[in-house]
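S.K.: Give me the fold of what follows.
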Amino acid sequence: MIEELMASLKRRIDPFGVTTSVLNAQVAWMMHPQELSRAIGTMSGDIIALQTHLMQRALGLPSDDVIMPKADDARFADTVWSEFATWDIVKESYLAITHRLEDMLFETPGLSDKERRRATFWVRKWLNAMAPTNFFLTNPVALNKFVETHGESLVRGFGNFMRDAQAKNIRIVDQDAFKVGTDLAITPGRVVFRNRLVELLHYTSTTAKVHQTPIVLITPWINKFYILDLTPRRSMVKYLTDQGYSVFITSWKNPTAEMGDVNFDNYLLEGVDQVVDVARKLSNSPQVHLAGYCIGGTLVATFMAWASRHYSEKDMPVAHWTLFTTLTDFSKPGDIDVYIDEGSISALEEKMARTGFLEGDDMASSFRMLRSNSLIWHYFERSYLFGEPLPPIDVLFWNTDTTRMPAAMHSFYLREMYLQNNLVKRDVLTIAGEQIDLDRITQPLYAVGAEDDHIVPWRQSYKIRRYVNVNAPVRFVLTTSGHIFGIVNAVVTPPRRNFWVADPQRNESSDFLIQSVFIQYL
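M.R.: From the prediction side, this is the model:
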């Protein structure tokens, strides 16, 4: 009866499991009293250690922290959190409660792994919101700034709050810091093709000699194209043209309500297939090098499987291809998995049915929630408590320049890729009239994963090696940093990034990359 009640509640008012996943975890613990007793016993040990630490600090005695912040947790980086006993006690108490609750939820008996992860995810979001760094009276850095500026920091912070309240969003970048075409996306190029879904931009080489095979870049349709053409220093397009390449890049239409029935087949046929054909003809080249970024890469992988069946070997329009931080195997898609199940997808489909599309801000909010400390509460603290101005960062500006997604396309993508993981199943998906199988792809592949990528975990992006044809040459590169900066980073001296390279065989796991690669430096 309890399970039926929870399922009904979830379908009706909580499709993403914000509340019901936590209630399920609580019920599960109550139904397993022995496991609960052991967990409480473990927690009592933590409490004793924490009390000892607090007493020693309160008496002015040295004491090592009981709980250390995680390596990627910058909230307590300021030395005031360690040097002063009062603030150290606040920090340690918060971290102890947080870590123990998360550990308990991860170990919840009687729940599936996914339900445990979902309950932990939403409790972590609540704990992140309750961090002492998010409140003026429990944030020593904010208090110091208030004293140093004679209250001006809080006045500015209130102004920033009113600005964001009007925008109905916690802003992360100054909206007037950049202008596309003036500060960003300024590599000289021109539109050479346009249809209802896409514009194709062409950038000519800046060198006297030009490589015969052009590069066609398929960008994600959930963001604007200029992620690969930011400022000149961070522009992949400019870098490639300076190396003698003719570059084509897609700029996808921001769909309107009338485009609600545009589907995945349309994106493949009217998008990738047509732009590849245009690039070949304009370059007078029989084949292109095709590259895809993020979900643009998923579309490229799908196109390669489709083209391997649709075209004869001598008519194959792609000579070789590249995937940047791309999922093809969606069995373990990372933190975004907490949003993916039948109930949440159905809820999104109902919402999209009313408008014909999914708003870009909805998608952006979901991704920001995955890293709420760095993408939400960091700016909450800086803007409202410190009174700091928003940073003029080009990548953040691009990240907030969102686009919509047509209902039919997005529903297909969520169901067939994330929910069913059908892309890696042989001849299960029929795309544009062809049953597709990644195993038919024999063209050389260069795939890149990012070590700290929370959107496309690198071990999942590596799995493309498992599915393309055994005879297809594959080079896999693992770069430092995350989903964006792992790909978009300047070539500088001394280098700021490093990467690992391997030419794995089909039966070799991702551990092979760690065990046998050599390090190179950008």
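S.K.: can we go C-alpha only for contacts and neighbour counts from here?
M.R.: Will do.
S.K.: Could you pull out the buried residues of the strand or helix carrying Asn399?
M.R.: Using DSSP states H and E, the element containing Asn399 is helix 394-400. For helix 394-400, the neighbour count (16 or more other C-alpha atoms under 10 Å) marks 394-400 as buried.
S.K.: and what of stretch 72-88?
M.R.: Of all the residues in stretch 72-88, those buried under the rule 16+ other C-alpha under 10 Å are 75-76, 81-82, 85, 87-88.
S.K.: Can you tell me the centre-most residue of this structure?
M.R.: Ile455 (3.0 Å; C-alpha atoms, centre = their mean).
S.K.: Does it touch Asp337 like I think?
M.R.: No: if you go by C-alpha atoms under 8 Å, Ile455 and Asp337 don't touch, sitting 9.8 Å apart.
S.K.: returning to what we had before: which of the buried residues of stretch 72-88 lies closest to Tyr384?
M.R.: Tyr384 lies nearest to Arg75 out of those, by C-alpha to C-alpha, at 15.1 Å.
S.K.: circling back to that earlier point, quick check: the residue nearest to the centre of the chain is in a strand.
M.R.: No: counting by DSSP: H, G, I helix; E, B strand; the rest coil, Ile455 falls outside a strand, being coil.
S.K.: Going forward, count from 10.
M.R.: Fine by me, first position is 10 from now on; the one you just mentioned is Ile464.
S.K.: what pLDDT does it get?
M.R.: With respect to pLDDT, Ile464 scores 92.
S.K.: tell me the contacts of it?
M.R.: Contact analysis of Ile464 by C-alpha atoms under 8 Å, 6 or more residues apart in numbering lists 342-345, 492.
S.K.: Ranking by neighbours, what's the top pick from these?
M.R.: His492 (24 neighbours; other C-alpha atoms under 10 Å).
S.K.: contacting residues around Phe167?
M.R.: By C-alpha under 8 Å, 6+ apart, the contact list for Phe167 reads 393, 396.
S.K.: at 6 Å instead, please
M.R.: Phe167 makes contact with no residue under the criterion C-alpha atoms under 6 Å, 6 or more residues apart in numbering.
S.K.: same thing with Val271?
M.R.: Listed by C-alpha under 6 Å, 6+ apart, the contact partners of Val271 are Ala417.
S.K.: Any stretches of this structure with poor pLDDT?
M.R.: Within the chain, the stretches with pLDDT under 70 are 10-21, 521-531.
S.K.: Going by residue numbers, what spans are strands in it?
M.R.: 199-203, 207-212, 224-227, 256-261, 297-302, 327-333, 366-367, 414-415, 439-440, 443-444, 454-459, 483-488, 507-511, 527-530 (DSSP state E).
S.K.: Dump the fifth one to CSV, restricted to CA.
M.R.: Which is strand 297-302. Extracted in CSV, the C-alpha atoms of strand 297-302 (Å, rounded to 0.1, in the frame of the first residue of the first chain):
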residue,chain,number,x,y,z
VAL,A,297,35.0,15.3,-45.2
HIS,A,298,36.3,15.0,-41.7
LEU,A,299,33.2,15.0,-39.6
ALA,A,300,33.3,16.1,-35.9
GLY,A,301,30.6,16.3,-33.3
TYR,A,302,30.5,17.9,-29.8
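S.K.: helices or strands next to it in the packing?
M.R.: Strand 297-302 is packed against strand 224-227, strand 327-333, with contacts defined by 3 or more C-alpha pairs under 6 Å, 6 or more residues apart in numbering; DSSP states H and E.
S.K.: Endpoint to endpoint, stretch 493-501 covers what distance?
M.R.: 17 Å (C-alpha to C-alpha, to the nearest Å).
S.K.: Show residues contacting that stretch.
M.R.: 242-243, 459, 488-489.
S.K.: Please identify the buried residues of that stretch?
M.R.: So stretch 493-501, judged by 16+ other C-alpha under 10 Å, has buried residues 493-499.
S.K.: Repeat that for stretch 42-53.
M.R.: Quick answer for stretch 42-53 (16+ other C-alpha under 10 Å): 45, 48, 52.
S.K.: Any chance of these in JSON lines with distance to Lys247 as columns?
M.R.: Shown next, in JSON lines, are those (distance: C-alpha to C-alpha, whole Å):
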{"residue": "Leu45", "distance to Lys247": "59"}
{"residue": "Ala48", "distance to Lys247": "56"}
{"residue": "Met52", "distance to Lys247": "56"}
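S.K.: Keep only those of the residues you listed that are in helices.
M.R.: In helices, defined here by DSSP state H, the members of the buried residues of stretch 42-53 are 45, 48, 52.
S.K.: Grab the nearest non-local neighbour of the last one.
M.R.: Right, Met52. The shortest distance from Met52 to any residue other than its chain neighbours is 7.0 Å, reached at Arg109 (C-alpha to C-alpha, 6 or more residues apart in numbering).
S.K.: Tell me, how many residues neighbour that neighbour?
M.R.: 16.
S.K.: which one of the buried residues of helix 403-409 sits closest to Leu428?
M.R.: Asn408 (25.5 Å).
S.K.: Just give the nearest non-adjacent residue to the closest one, would you?
M.R.: Using C-alpha to C-alpha, 6+ apart, the nearest residue to Asn408 is Asn232, at 7.3 Å.
S.K.: could you pull out the helices for the stretch 310-459 of the chain?
M.R.: 351-364, 369-379, 381, 387-389, 403-409, 416-421 (DSSP state H, counting those that start in this stretch).
S.K.: again with the stretch 60-209 of the chain
M.R.: Going by DSSP H, counting those that start in this stretch, the stretch 60-209 of the chain shows helices at 89-92, 94-115, 122-138, 149-157, 161-176.
S.K.: Which members of the buried residues of stretch 493-501 are the farthest-apart pair?
M.R.: Among the buried residues of stretch 493-501, Ile493 and Ala499 lie farthest apart (C-alpha to C-alpha), at 12.0 Å.
S.K.: For the nearest residue to Phe273 once chain neighbours are set aside, give its distance to Ile76.
M.R.: The spatially closest residue to Phe273, leaving aside those adjacent along the chain, is Met418, at 5.0 Å (C-alpha to C-alpha, 6+ apart). Separation of Met418 from Ile76 (C-alpha to C-alpha) stands at 46 Å.
S.K.: hang on, the earlier thing: how close does the residue nearest to Phe273 get to Lys262?
M.R.: Taken as C-alpha to C-alpha, the span from Met418 to Lys262 is 13 Å.
S.K.: before we move on, back to that, I'd like the helices of the stretch 60-209 of the chain as JSON lines, with distance to Ala58 appended.
M.R.: Formatted as JSON lines, these follow (distance: least, C-alpha to C-alpha, whole Å):
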{"stretch": "helix 89-92", "distance to Ala58": "17"}
{"stretch": "helix 94-115", "distance to Ala58": "10"}
{"stretch": "helix 122-138", "distance to Ala58": "21"}
{"stretch": "helix 149-157", "distance to Ala58": "25"}
{"stretch": "helix 161-176", "distance to Ala58": "37"}
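S.K.: one step back: Asp274: which of the buried residues of stretch 81-97 is nearest?
M.R.: Checking the buried residues of stretch 81-97 against Asp274 by C-alpha to C-alpha gives Arg84 as the nearest, at 44.9 Å.
S.K.: phi, psi of that closest one?
M.R.: Backbone torsions of Arg84, given as degrees, to the nearest 10, read phi -60, psi -30.
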